[in-house]
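# Here is a sequence together with a model predicted from it:
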Amino acid sequence: MTDVVSFIGSSTSGKTTLIVSLIKHLIADGRRVGAIKHTHHPMNTLRKGDTQRFYDAGASPVILAGTGEAVVFSASDPLIVHYASPPELLTHIAAEVVLVEGFKRFTGWPCILVRRAGVPLPDLDDRELEATIDVSEGTMRILSRDAHVPTPVDPAGLLRFLDTIWRR
C-alpha cells in the first residue's frame, strides 16, 4: 500500500521547501517517492518550478494536477492524463510514498497544514488536520491533534511522525 500525505498552506508558507527536504530524506533511506502538485494555474508540460524541484530531489514521477487534468513527469516525455478524483492520480505512481502539495478540499488523505509566522493562514473550511507544522525561524515544530512536540524536529523526526499517521 502507498503512504500518502497532503501538505496544505498559503503561498510562501514553506510547503515546497518542506516537501523537497522530505523527498531527499526518503530517497536517502532507499524509499521510492512520487509527488503531486495541485495547481490552479493553466496546465503545461514544461519541467519547471515546484514540479522540477520535486523531480530534482528524487521524486519520480511528479504529477502537476489541475482541475480534472494532469501532467505526469517522469524519465520519459510528459504524459497528459484526465482524472475525476485525486486518488486516480495514484494509478500513475509506482512508489512507496507519495507527497502531495495541495488538494486542501480533498479529505481522503491525511492532511498537514504548513504555516510560517507572518503568512496568513488559508481558509480551511473546517478541514480536519493531522497536524500543523510551523516552519518559522528556520525550524520545524509539529503541533498535532494527538501530541504537541514543542521542540524543533528535523526531517527525519517529521518522517517518524508521518509513519505513525500511516500506520494507524
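Perfect, thanks for sending it. As the structure is a prediction and not an experimental result, all values here were calculated from the model. Numbers count the residues shown, from 1 in each chain.

# can you map out the helices along this protein?
Along the chain, counting by DSSP state H, helices occupy 15-28, 49-57, 155-166.

# by contact count, what packs against the first one?
Packing partners of helix 15-28 (3 or more CB pairs under 8 Å, 6 or more residues apart in numbering; DSSP states H and E): strand 3-8, strand 33-38, helix 49-57, strand 97-101, helix 155-166. Quick note: C-beta positions are derived from backbone N, CA and C, even for glycine.

# Let's have those in CSV, adding mean pLDDT, mean neighbour count and distance to T91.
Shown next, in CSV, are the helices and strands packed on helix 15-28 (pLDDT from 0 to 100; neighbours: other CB atoms under 10 Å; distance: least, CB to CB, whole Å):
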stretch, mean pLDDT, mean neighbour count, distance to T91
strand 3-8, 96, 22, 13
strand 33-38, 98, 26, 11
helix 49-57, 96, 19, 18
strand 97-101, 98, 24, 11
helix 155-166, 88, 16, 19
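
# Any chance of TSV for these, columns distance to G66?
Listed next are the helices and strands packed on helix 15-28 as TSV, based on distance: least, CB to CB, whole Å:
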stretch	distance to G66
strand 3-8	16
strand 33-38	8
helix 49-57	12
strand 97-101	13
helix 155-166	26
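
# what's the closest of these to T107?
T107 lies closest to strand 3-8 among the helices and strands packed on helix 15-28, at 9.6 Å (CB to CB).

# who does the closest one pair up with?
Strands that pair with strand 3-8, judged by DSSP bridges, come out as strand 97-101 (parallel), strand 111-115 (parallel).

# Any idea which of those strands gets closest to G138?
strand 111-115 (13.9 Å).

# mind exporting that closest one as CSV, just the C-alpha atoms?
Listed next in CSV are the C-alpha coordinates belonging to strand 111-115 (Å, rounded to 0.1, in the frame of the first residue of the first chain):
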residue,chain,number,x,y,z
CYS,A,111,-3.5,16.4,5.7
ILE,A,112,-0.9,18.6,7.4
LEU,A,113,-1.1,22.4,7.4
VAL,A,114,2.3,24.2,6.9
ARG,A,115,2.4,27.6,8.4
